[in-house]
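# sequence plus the predicted model coming up.
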Amino acid sequence: MAVNGQCVLHREWRESLSMADEALLIVGLGNPGSEYDGTRHNAGFMVVDRYCAKHGISLSQSKFQGIFGTSRQGGRTVVFLKPQTYMNLSGKSVVACMQFYHIECANILVIHDELDLPVGDLRVKQGGGSGGHNGLKSIINLTGHSDFNRMRIGIGRPEHGDVINYVLGRYPEGDLREKYMATLNIGVDALEKYIEQGAEASMRFCNGLYRAKKKEEAKGEQS
């Protein structure tokens with residue numbers, strides 16, 4: 001999979017394609033099963049579900065050890081994948097899908113929960129480490145590459161208690177839950193920007209929201 005630090009998949013096939021023909025892979029990370037529905041760790045699943053519901057994309061196909069659906073946008077195929085391997089083995093599903101559709105790591109966006117961002121924050125970034133996230137760690141290990149795009153959905157860190165129980169838990173009804181749900185919907189907007197205009201546009205969109213949020217917070221402190 002990795003050659004000289006580059007993620008290489010069927011190079012001869014890829015080089016014959018135009019940019020418009022290259023597929024995108026959108027991966028929402030989470031754990032399968034109703035017992036995990038709505039948990040913090042399933043933020044990736046929830047953004048993909050919301051986007052596909054909004055755009056009428058069916059996530060009904062089962063392959064690559066995952067559930068997936070496809071659409072045609074801007075002259076290219078977009079694949080939406082929810083690995084069903086459980087979080088720690090997500091890379092198996094991602095690699096199988098990459099190989100089938102001949103997708104480069106640069107054309108992957110992984111959507112995941114992020115402990116190091118507060119609830120209500122969302123960031124899109126290119127590359128990086130796993131940050132201790134086992135789903136990202138699996139993808140990096142099995143592709144041999146870390147330079148894929150990520151959408152980080154802030155869930156904050158627990159004030160007390162075990163991190164594992166925290167990420168596998170749900171927000172109770174209240175302001176924090178409402179803020180989290182609103183962030184998932186913003187994730188759908190950021191995903192639209194990513195698919196239609198690319199990673200840089202999606203990053204600018206998120207950064208603009210962050211600056212506006214900080215400006216409002218500053219006004220509130222002054223009043």
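It's in.

# low-confidence bits of this structure, can you list those?
Residue ranges of the chain with pLDDT under 70: 1-21, 223.

# quick one: the helices in it, in order.
11-15, 43-54, 90-101, 134-143, 163-167, 175-197, 199-222 (DSSP state H).

# closest to residue 113 out of those helices?
With C-beta to C-beta as the criterion, residue 113 lies closest to helix 43-54 of these, at 4.1 Å. Backbone N, C-alpha and C define where each C-beta goes, glycine included.

# name the residues that touch the closest one?
Outside of helix 43-54, the residues within contact range by C-beta atoms under 8 Å, 6 or more residues apart in numbering are 26-30, 38, 57-59, 69, 80-82, 110-113, 135, 151, 153, 155, 184-185, 187-188, 191-192.

# only whichever of the residues you listed are buried, select them in ChimeraX.
The buried subset of these, as determined by 16 or more other C-beta atoms under 10 Å, is captured in ChimeraX by this line:
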select :26,27,28,29,30,57,59,69,80,81,82,110,111,112,113,135,151,153,155,184,187,188,191,192
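
# how many residues are close by residue 83?
By other C-beta atoms under 10 Å, 30 other residues sit near residue 83.

# give me the beta-bridge partners of it?
Beta-bridge pairing of residue 83 under DSSP bridges involves residue 66.

# next one: it from residue 134, what distance?
From residue 83 across to residue 134, the span is 12 Å (C-beta to C-beta, to the nearest Å).

# what's the answer for residue 144, then?
For residue 144, the distance to residue 134 under the criterion C-beta to C-beta works out to 17 Å.

# compare the two (neighbour count), which wins?
Comparing residue 144 with residue 134 by neighbour count (other C-beta under 10 Å), the higher total belongs to residue 134, at 18 against 15.

# wait, the more buried one touches residue 85, no?
No - in this structure, residue 134 is not within contact of residue 85 by C-beta atoms under 8 Å, at 11.3 Å.

# contacts only, for residue 140.
Contacts of residue 140 by C-beta under 8 Å, 6+ apart are 91, 129, 130, 146.

# my bad, residue 138
87, 88, 89, 90, 91, 92.

# over to residue 150?
Residues near residue 150 by C-beta under 8 Å, 6+ apart: 109, 110, 111, 112, 124, 125, 126, 128, 136.

# bridged to the residue lying closest to residue 148 once chain neighbours are set aside, which residues?
On the basis of C-beta to C-beta, 6 or more residues apart in numbering, the spatially nearest residue to residue 148 that is not a chain neighbour turns out to be residue 108, at 4.1 Å. Beta-bridge pairing for residue 108 (DSSP bridges): residue 25.

# run a quick neighbour tally on residue 108.
25.

# how much space is there between it and residue 92?
To residue 92, residue 108 is 15 Å away according to C-beta to C-beta.

# residues near residue 172, how many?
7.

# distance check, it against residue 178.
As for residue 172, its distance to residue 178 is 11 Å (criterion: C-beta to C-beta).
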